[in-house]
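>>> here are the coordinates; sequence isn't available:
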Ligand SMILES: C[S@@+](CC[C@H](N)C(=O)[O-])C[C@H]1O[C@@H](n2cnc3c(N)ncnc32)[C@H](O)[C@@H]1O
């Protein structure tokens, strides 16, 4: 029990005991005084002169000797064993019995006090030693937990990657009910990206609805499917779903908060609930909040005092905040803020008086625009760490707009998010230490003039900000001449399936394209697309195979496979929640038990699988899918799409194969071919430039040949086919990769 007491309580308890003892002693001594009646047995000379005369005590009450008591030689000693000597005024000297010896009482009192102090000191020493032992044991326990190897979900201090820190802070800020959303994970992979955080017990208890899985030493398996993805991930068991990635997880938590804590927080998810919904490779915003700012904080945490510059993301955000606001529902916003009624630019220009016009700069209050969204919360948590590292004064001086924004976000909820950051961030060890002023002063800071996160036009720009190519036919002809000099066969073969391996007649409505609410005109075409892919997969699959439908959308391919291959496990991976929601409804109606949903950027998927499939995974997504398959030596069946959207990523660079890399093709020329591959318009249409369309089909084959060559270099046999019927989609190429040569 003693270990449950705090030091304060222990001191308070001991003080109470001492006080009680003193009170008892005082009462007792008073009571004794009041109640003491002197026992007076006068034996010697049988005189009672003191009762009639005044007298003086010539010898105080003192104990009789042992002999006097034992021999009963003195009558006064028989009863109380004490005696005193009196002298009456008449000169008579008498001995009378008495019952209290002052010096004896005093001696007893002090011996009692001394023994009490000894007992008190001993108890304090024992408590102190016990406390020390318990502290040491707790420290050992924490160290054991933090070492890779074991986990205890009662832990208070966790070493977690930065992304998890953001999620935990948000989890606490949004007051997620721990019985709905359960945190129980510790993950510490690399020291560079690790913060020591404080997590209260209350947040790591509860039933299972949404789980943060412990990843310290857990092998990914069916019991811990969240580990099938990069962290942070949450698994929502009741709907067989794993959500992964910083923004996806934060969006889920925000939705949980809106549903259970505060419906008025809906604005956090932005216009039409779309804040941070697109994957990082398709949205500058998601990329900034999920990748760039995290890297920026990591760089700052590990920044050497001799570093020459600060991470450029700091300057980018400072510059972005200076840009004029952009908003989807701009006229609605202008009308609301300026109390006017306009619906066009012209009307806005006509407004009299400058104050009636909307100030696009001043109203850029929060990261995404006029109102606070989830992006502000994620960025605030990150910038809070940055501010600790750079010091407030330095930060204010160099990044005044960011500082102003930080203060605005802080004020917007009366400092609640800041308080949570302080609570989660430990106050002593593990706290990012401020960099010394001397080294800060030396650092180069670049604030770009025009950087804006509003530049979301990825049609014209790729995410690195490079202009996407436009092509000139003469140039294309030259480039294709270079291609013809690459010693390889370019081209694809007709689909040779005589008949499907399944019959649509036996497939229930929800597993057919009709179940995905496709417009009637597209149903037949989708059926043809699916047939070509499903035939290949059915040929490759065995009972127990794990098949991943990457970029599954509303689930056309994955659901059909799950229905046709009940002995296989099918993972449906899709970034877009709404699309996946529709797939979930179909799976529920079909009562399929072999489907698991992954709502995440496909890049975050890390699980083992046997066959990877993708139907129209856009641009670079197809190559990420293929890389995932290569990493698992899994077979693949992939129908690519949006060739013009290829660009170099950290994990995927072009050309893909060493043969193409060694060729005379320049990167720019390669992307030019990819661009032309998107000019495969419908050959049946009168408006189609047939020559360009044929060139487009050839360009698709060039890019796919490069993809196939890369797979072949890694031990695959690759079939390059066309879908049957070829007109079912302009993006009708099919790559079938069999690891090790297969069939
Ligand atoms: C053209 S749709 C194809 C959907 C589905 N396979 C079909 O054929 O109906 C492409 C899908 O890929 C998803 N997607 C794109 N990039 C993604 C990524 N990086 N991670 C996960 N999903 C992604 C999109 O949300 C979209 O639903």
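Everything's here; your move. Every value quoted in this text rests on a predicted model; they were computed, and no experiment measured them.
>>> Which secondary structure element is home to residue 259?
helix 246-260 (DSSP states H and E).
>>> Flag every buried residue along that helix.
Going by neighbour count (16 or more other CB atoms under 10 Å), the buried part of helix 246-260 is 246-258. All C-beta spots, glycine's among them, are computed from the backbone N, C-alpha and C.
>>> does the ligand sit close to whatever helix or strand comes next after it?
Downstream of helix 246-260, the first helix or strand assigned by DSSP H and E is helix 284-287. No - for helix 284-287, no contact with the ligand is found by CB under 6 Å from any ligand atom; the gap never falls below 10.0 Å.
>>> So which of the buried residues of helix 246-260 is the closest to residue 718?
residue 248 (32.2 Å; CB to CB).
>>> Number of residues surrounding residue 21?
Neighbourhood size, residue 21 [other CB atoms under 10 Å]: 14.
>>> tell me which element the nearest residue to it once chain neighbours are set aside is part of?
Once flanking residues are discounted, residue 21 sits nearest to residue 116: 6.2 Å by CB to CB, 6 or more residues apart in numbering. With elements taken from DSSP H and E, the one containing residue 116 is helix 102-146.
>>> same question for that helix, mean pLDDT?
For helix 102-146, the mean per-residue pLDDT is 76.
>>> what helices or strands is it leaning on?
Contacts defined by 3 or more CB pairs under 8 Å, 6 or more residues apart in numbering; DSSP states H and E place helix 102-146 against helix 7-35, strand 55-63, strand 157-161.
>>> among those, which is the most enclosed?
Highest mean neighbour count among those (mean count of other CB atoms under 10 Å): strand 157-161, with a mean of 23.
>>> C-terminal to that strand, what's the next element?
Beyond strand 157-161 toward the C-terminal end (DSSP H and E), the next one is helix 162-173.
>>> Nearest to the spatial middle of the chain, which residue is it?
Centroid-nearest residue in the chain: residue 167, 2.7 Å away (criterion: CA atoms, centre = their mean).
>>> Let me know the pLDDT of it.
For residue 167, pLDDT reads 89.
>>> Phi and psi next, for the residue lying closest to it once chain neighbours are set aside.
Among residues not flanking residue 167 along the chain, residue 232 sits closest, at 4.7 Å (CB to CB, 6+ apart). The phi and psi values for residue 232, taken as degrees, to the nearest 10, are phi -80, psi 140.
>>> who's in contact with residue 232?
Taking CB atoms under 8 Å, 6 or more residues apart in numbering, we find residue 232 in contact with 161, 163, 164, 167, 212, 244, 245, 246, 249.
>>> do the same with residue 365
371, 405, 408 are the contacts of residue 365 under CB under 8 Å, 6+ apart.
>>> pLDDT wise, what is it at?
So residue 365 comes in at 93 (pLDDT).
>>> Wasn't it part of a strand?
No - using DSSP: H, G, I helix; E, B strand; the rest coil, the assignment for residue 365 is coil, not a strand.
>>> related to what we said a few turns ago, how far out from the middle of the chain is the helix holding residue 259?
11 Å (CA atoms, centre = their mean, to the nearest Å).
>>> The closest residue to the ligand within the chain: neighbour count?
Nearest to the ligand in the chain, going by CB to the nearest ligand atom, is residue 553, at a distance of 2.6 Å. The number of residues packed near residue 553 is 20, by other CB under 10 Å.
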